[in-house]
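>>> here is a sequence together with a model predicted from it:
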Amino acid sequence: MKSIKFLILTFTLVVSLSGCKDFFDVNDPTNTVSDQNQSLNLMLPSVEYYTATLQFRKAYSMGQLQQHIASYFDHGIDQHYESSFAGTWSLYYTKVLFVLKRMSELADEKNAIHYKGVINTLKALTLGMVTDVYGEMPYFQASTGSNNLQPEVDSQEELYNEIQSLLDIAISQFDAIDNSGLDVVKGDGIYNGDLEKWKRLAYTLKARYAMHLTKINDPVSIGNEVLGYLQNGFNSNADDFQLSFNDKTKNPWHTSVVLASNTGNISVLFSEQLVNYMNSSIYPTAAYDPRIYDYIDNNGAATFDGAQNGNEGNTENGNNANTKFNANSYYFKQDSPLVLVSYAEALFLKAEAEFLATGGNATSVGSTQNAYDAYKSGIETNMNKIGIDAGLRDAYLNDPAIDVTPANLKLEHIMKEKYIALLLNPEIFNDMRRYDFSTDVYKGLELPANHNPDLNGQWFRRPIYPTSELSKNPNLEQHEVTEPFWWDQ
C-alpha cells in the first residue's frame, strides 16, 4: 500500500470546499484551480482520502449502534437519540461526489477509460456507503450547483441498481484497451494503479451489495449470486482496499480517540458486546480471543470489562469499564491503515452465501464444507493481517467453541466472527439490520441501557436528514429513526 504523503499538497491544488455548507450550494469553490489546470492524478488521492474519511465519520456513529464501541456521554446516538450524521452527509455531497463528478467529466474529455473504471468504482462504493445511512436521497440530480438547487430524491432501489450498474461498467473499463495516454492510473494512493486489484474490488463490492438484499429477495438465490461475484473478487490480504497514513497525515481513530483518551478526554470505549464475544463470556473458550490484546488496552488488568452501551462508560454492574483503544493496535497507530473492504469480509460473505445457498437460515444447524472452510479462513486471514502469533491463532481456531465442524455450523458462528474481524466497519450494522438484531444471530445482543423512551423498545435503524437540507429542498421527506428503508423491510 502506498502512503498518502502527497495528500496535503494535493488538497491545496484541487478542491478546498471549506466555504461550502451543503450540497445545494456546490458551485465552483473559490479556492479550486480552474478546470483546465485540474489533472486526474492530482484529484485521485484527494477523493481516496475523502472516501476513507467518509467511512470513519460513518463508523464513529454506527460503531455505537452496532455496539463495537460505547459512548461516555448521555442522550446521544449510543442511547438511540435522534441524530443526523450531518458530517457524513456534508462530506459526501460537498467533497466526495463533487470531486468524482469533476473527475468523471475530465476523464470523458480525455477518453481515459481506465481512470473512468476507478472513478465508477469509487462512485459505487461511496454511494453505497451513504444510501445505507439515509436510504432514499438525491443522487442523479445532485452536485449540479446552481443549475438545480432542489434535486429530486432517488429511491434506494434505484440507487442500488445504479451501484451494480456502475460496477459492471467499471469492470468492462478495466478490461478495455485505453489509448488515451492515461492508461496507467497515476496518483492512486491505494492500489498504485493496479487495475486487476481494482477489478477484484469491484467484484467484491458487487457481492457486498447483493448480500444486502437477503430480506427482500430469495436468500438461496442471493447466496448463489454472491458466490458468483466472489469467484472474481479478493483472493488475499494484499487485495484489501485500505488507505495508509503517516506521521503527518495520521489515522483518524488515532487522532480522534487514542490521543484524546491519553489526555483524559475519553469519548468512547469498547462495548461489552464486542468484548464479551472475545473474553469467553458469551462463547466459552479455553483462552481469550488473541485479537483482544491487539484491539484493547485494559491497563494490565486481569480482565477486560467492556462498557455497557448507554451507561456512560460504565459496565453493566456500574463499575468503570477498562476497555480503551490500544495505541499500539494494528488499527489505531498513527500510521495504521483505515480498512474499507477486506479479504476477510469477502471470506465471511462467502461463508454466509454458502450457508444461505443450501437453505440455511438464522436458526438452522449445519452446512457445507465450503461454508465451514470460508468461515475458518476468514478468522485466519484476519489474524494474519493484524499479526497475531501463529500459535495463538491456531489454538483459537482449534478450540471446540470455534472448530464446530460443518455439521454444527450456525449462522451465528459466521456472523460473530465477522463482527470481530470487521472491527468498526459499518458493514456490521447493515448485517444487524438484515437480521433484525436477532439474538439467534447476535447472541447476547441487547438494547442499550437508558434507551431513548420515545422509541418504545425499537432499534435505531437510520438517522434523520440534516435539518439544513430539509429547509432548502422540499423533495426531502423526514423519516423516523426506527423506520426501515427499502432493503430493510
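Done, it's in. This one's a predicted model, so the numbers in the text were calculated from it and none came from an experiment.
>>> distance of I266 from N320?
10 Å (Cβ to Cβ, to the nearest Å). From N, CA and C alone the C-beta is placed, and that goes for glycine too.
>>> common neighbours of the two, please.
G313 (Cβ atoms under 8 Å, 6 or more residues apart in numbering).
>>> for A307, grab phi and psi.
Torsion angles at A307 (phi, psi; degrees, to the nearest 10) stand at phi -80, psi 130.
>>> what number of residues lie near it?
31 (other Cβ atoms under 10 Å).
>>> what's opposite it in the beta bridge?
On the basis of DSSP bridges, A307 takes part in beta bridges with S271.
>>> could we number from 36 for the rest of this?
Done: numbering now begins at 36, and the last item shifts to A342.
>>> isn't it up against A105?
Yes: between A342 and A105 a contact is recorded at 3.8 Å, counting by Cβ atoms under 8 Å.
>>> thinking again about what came up before, okay, I301 and N355: which has more neighbours?
I301 (17 against 10).
>>> and that one, what pLDDT?
Per-residue pLDDT puts I301 at 89.
>>> for the residue lying closest to it once chain neighbours are set aside, give me its contacts.
Sequence neighbours aside, Y107 is the residue nearest to I301 in space, at 5.6 Å (criterion: Cβ to Cβ, 6 or more residues apart in numbering). Going by Cβ under 8 Å, 6+ apart, Y107 touches I301, S302, V303, L304, E347, G348.
>>> for those, pick the one with the most neighbours.
Neighbour-wise, the contacts of Y107 (other Cβ under 10 Å) top out at L304, 27 neighbours.
>>> that's a helix at it, yeah?
No: counting by DSSP: H, G, I helix; E, B strand; the rest coil, L304 falls outside a helix, being strand.
>>> do you know how far the spatially closest residue to it that is not a sequence neighbour is from A356?
Of all residues not flanking L304 in the chain, A342 sits nearest, at 4.2 Å (Cβ to Cβ, 6+ apart). Computed as Cβ to Cβ, the A342 to A356 distance reads 4 Å.
>>> shared neighbours, these two?
A105, L304, F305, E307, G348, N349, T350.
>>> redo the residues you listed as a markdown table? Include distance to A336.
Shown next, in a markdown table, are the shared contacts of A342 and A356 (distance: Cβ to Cβ, whole Å):
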| residue | distance to A336 |
| --- | --- |
| A105 | 17 |
| L304 | 13 |
| F305 | 13 |
| E307 | 15 |
| G348 | 15 |
| N349 | 15 |
| T350 | 12 |
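>>> which among those count as buried?
A105, L304, F305, E307, G348, N349, T350 (16 or more other Cβ atoms under 10 Å).
>>> between which two of those residues is the distance greatest?
F305 and N349 (13.2 Å; Cβ to Cβ).
>>> which residues are in contact with both of the two?
Overlap of the contact sets of F305 and N349 (by Cβ under 8 Å, 6+ apart) consists of A342, A356.
>>> picking up where we left off before, now, among the buried ones among the shared contacts of A342 and A356, which is nearest to I414?
F305 (19.1 Å).
>>> so who does L194 touch?
Neighbours of L194 in contact, by Cβ under 8 Å, 6+ apart: L162, T166, E171, M172, Y174.
>>> if any of the residues you listed are buried, put those into a PyMOL selection.
Only the buried entries of the contacts of L194 go into this PyMOL selection, using 16+ other Cβ under 10 Å:
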select buried, resi 162+166+171+172+174
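>>> widest-spaced pair of the contacts of L194?
L162 and E171, at 12.2 Å, using Cβ to Cβ across the contacts of L194.
>>> strands along this protein, start to end?
104-106, 276-278, 303-305, 331-332, 359-360, 373-376 (DSSP state E).
>>> walk me through which strands the fifth one pairs with, and which way each runs.
It stands for strand 359-360. In its sheet, and by DSSP bridges, strand 359-360 pairs with strand 331-332 (antiparallel).
>>> average model confidence for the strand it pairs with?
On average, strand 331-332 scores 98.
>>> same check on stretch 432-442?
98.
>>> can you list the buried residues in stretch 309-327?
For stretch 309-327, by 16+ other Cβ under 10 Å, it's 309-315, 317-318, 323-327.
>>> number of nearby residues for the closest residue to V165 other than its chain neighbours?
Distances taken as Cβ to Cβ, 6+ apart place Y127 nearest to V165, at 4.8 Å, with adjacent residues excluded. By the criterion of other Cβ under 10 Å, Y127 has 29 neighbours.
>>> give the contact list for Y127.
Going by Cβ under 8 Å, 6+ apart, the list of residues near Y127 reads F58, L89, T161, M164, V165.
>>> walk me through the domains of this structure.
As assigned by automatic domain parsing, the chain contains the domains 42-228+490-523, 287-358.
>>> what about the last one, how long is it end to end?
If I follow you right, that is domain 287-358. 19 Å (Cα to Cα, to the nearest Å).
>>> where are the low-confidence patches of the chain?
36-73 (pLDDT under 70).
>>> which helix in it runs the most residues?
Using DSSP state H, we find that the single longest helix of the chain is helix 75-100.
>>> distance from the chain centre to that helix, please.
10 Å (Cα atoms, centre = their mean, to the nearest Å).
>>> pretty sure F209 contacts L230?
Yes: assessed by Cβ under 8 Å, F209 is found in contact with L230 at 4.8 Å.
>>> shared neighbours of the two, anything?
Counting by Cβ under 8 Å, 6+ apart, the shared contacts of F209 and L230 are H149, G152.
>>> nearest spatial neighbour of R428, chain-adjacent residues omitted?
Counting by Cβ to Cβ, 6+ apart, M418 is the residue found nearest to R428 once chain neighbours are left out, at 4.4 Å.
>>> contacting residues for the one you found?
P325, R326, R428, Y431.
>>> ranges for the helices of the stretch 36-185 of the chain?
Taking DSSP state H, counting those that start in this stretch to define them, one finds helices in the stretch 36-185 of the chain at 42-48, 75-100, 121-126, 132-145, 148-169.
>>> redo the ones you listed as JSON lines? Include distance to D203.
Formatted as JSON lines, the helices of the stretch 36-185 of the chain follow (distance: least, Cβ to Cβ, whole Å):
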{"stretch": "helix 42-48", "distance to D203": "30"}
{"stretch": "helix 75-100", "distance to D203": "20"}
{"stretch": "helix 121-126", "distance to D203": "26"}
{"stretch": "helix 132-145", "distance to D203": "16"}
{"stretch": "helix 148-169", "distance to D203": "9"}
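>>> of all those, which one is nearest T517?
Nearest of the helices of the stretch 36-185 of the chain (Cβ to Cβ): helix 75-100, 12.1 Å.
>>> now find how far off-centre stretch 419-432 is within its chain.
24 Å.
>>> name the residues of that stretch that come out as buried.
K420, I421, I423, L427, R428, Y431.
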